[in-house]
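> coordinates only, sequence not included:
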């Protein structure tokens, strides 16, 4: 009985630790199911008919399920650009490698503004071709593209180069501020589909990277593995306390 008392505090600590580890594991399992549902929704949305880009009244309700939704928009470009650094390793179009995505403000027919990713501009393009590519098409335009929610830079994100108007995160508010675009700005941007690539081939539209980080299964297995390890360690400790090995003594003979 005395030996069993020694296990009370370790047992309570082990049960608390086990409960925490199992809870973390099951939380990752739930997140895995949510992420798989979201990926399925996005894949369905990529193949669906475009809907009108969400207007002011719909902005508060936007969530992850709206990312990558096919949308249509009508309006006219404002004559400015900012850039988002990217390196295309598997381009849909002709050009790949390091370069920038060209973002231009677009005033919609309803009066609000959205940043439109017109496409990819590779590094090393001759100045005359680059100047032509940066000029947005004039007049009223209608486009179809993918809605992309704005990104919030994290501490590892390089600061934007304001002189070059170059960003390393899709921070639409900061991009618009750098161009002095005020008014009602959508909390998302629109990536044009490949059919909107101009005749000259640049900017090369349709280069949206559709990807989701989905490590939840690995995390769940890690937490469950730690829980199993904790149980094994406690059982080994309990066995050592309850049934200690007989000490073997040997006498030293002078």
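Yep, it's here. Since we're looking at a predicted model, the values are computed, not measured. Numbers count the residues shown, from 1 in each chain.
> sketch out the low-pLDDT regions of the chain for me.
For the chain, residues meeting the criterion pLDDT under 70 lie at 1-2, 45-46, 211-214, 246-254.
> just give me the longest strand of it.
Identified as the longest strand of the chain according to DSSP state E is strand 97-108.
> ok, that one: who's next to it in the sheet?
Its sheet considered, strand 97-108 pairs with strand 70-77 (antiparallel), strand 82-88 (antiparallel), strand 113-122 (antiparallel) by DSSP bridges.
> mind listing what's buried in the helix or strand just after the longest one?
Looking back up the chat, that one is strand 113-122. Per DSSP states H and E, the first helix or strand lying C-terminal to strand 113-122 is helix 127-134. Buried residues in helix 127-134, counted by 16 or more other C-beta atoms under 10 Å: 133-134. For the C-beta atoms, the positions are set from N, CA and C on the backbone; glycine is no exception.
> just give me how far helix 127-134 sits from the chain centre.
Relative to its chain's centre, helix 127-134 lies at 31 Å (C-alpha atoms, centre = their mean, to the nearest Å).
> ok, back up a step: possible to save the strands paired with strand 97-108 as TSV with mean neighbour count?
Below are the strands paired with strand 97-108 laid out as TSV (neighbours: other C-beta atoms under 10 Å):
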stretch	mean neighbour count
strand 70-77	18
strand 82-88	18
strand 113-122	24
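> the longest helix along the chain to strand 70-77, inter-axis angle?
The single longest helix within the chain, with elements called by DSSP state H, is helix 8-47. Going by axes from the mean of the first three to the mean of the last three C-alpha atoms, to 10 degrees, helix 8-47 is angled at 60 degrees with respect to strand 70-77.
> mind listing what's buried in helix 8-47?
14, 18, 21, 24-25, 28-29, 31-32, 35, 38, 41-42, 45.
> and the contacts of the longest strand of the chain?
53, 73-78, 80-88, 113-123, 133-134, 136, 166, 175-176, 179, 181, 189-190, 203, 207 (C-beta atoms under 8 Å, 6 or more residues apart in numbering).
> again, 7 Å this time
Strand 97-108 is contacted from outside by 73-78, 80-88, 113-123, 134, 136, 166, 175-176, 179, 181, 189, 203, using C-beta atoms under 7 Å, 6 or more residues apart in numbering.
> how far does it sit from the chain's center?
19 Å.
> measure residue 209 to residue 90 for me?
Counting by C-beta to C-beta, to the nearest Å, the separation of residue 209 from residue 90 is 9 Å.
> more neighbours, these two?
The residue with more neighbours, out of residue 209 and residue 90, is residue 209; 10 against 7, by other C-beta atoms under 10 Å.
> phi and psi next, for the more buried one.
phi -90, psi 110 (degrees, to the nearest 10).
> separation between it and residue 104?
Residue 209 sits 20 Å away from residue 104, going by C-beta to C-beta.
> try residue 174
The value you get for residue 174 to residue 104, if C-beta to C-beta is used, is 15 Å.
> more neighbours: which of these two?
More crowded of residue 174 and residue 104, by other C-beta under 10 Å: residue 104, with 21 against 15.
> okay, buried residues for stretch 55-69 please.
62, 66-69.
> whoops, stretch 228-238 was the one
Buried residues in stretch 228-238, counted by 16+ other C-beta under 10 Å: 230, 234, 238.
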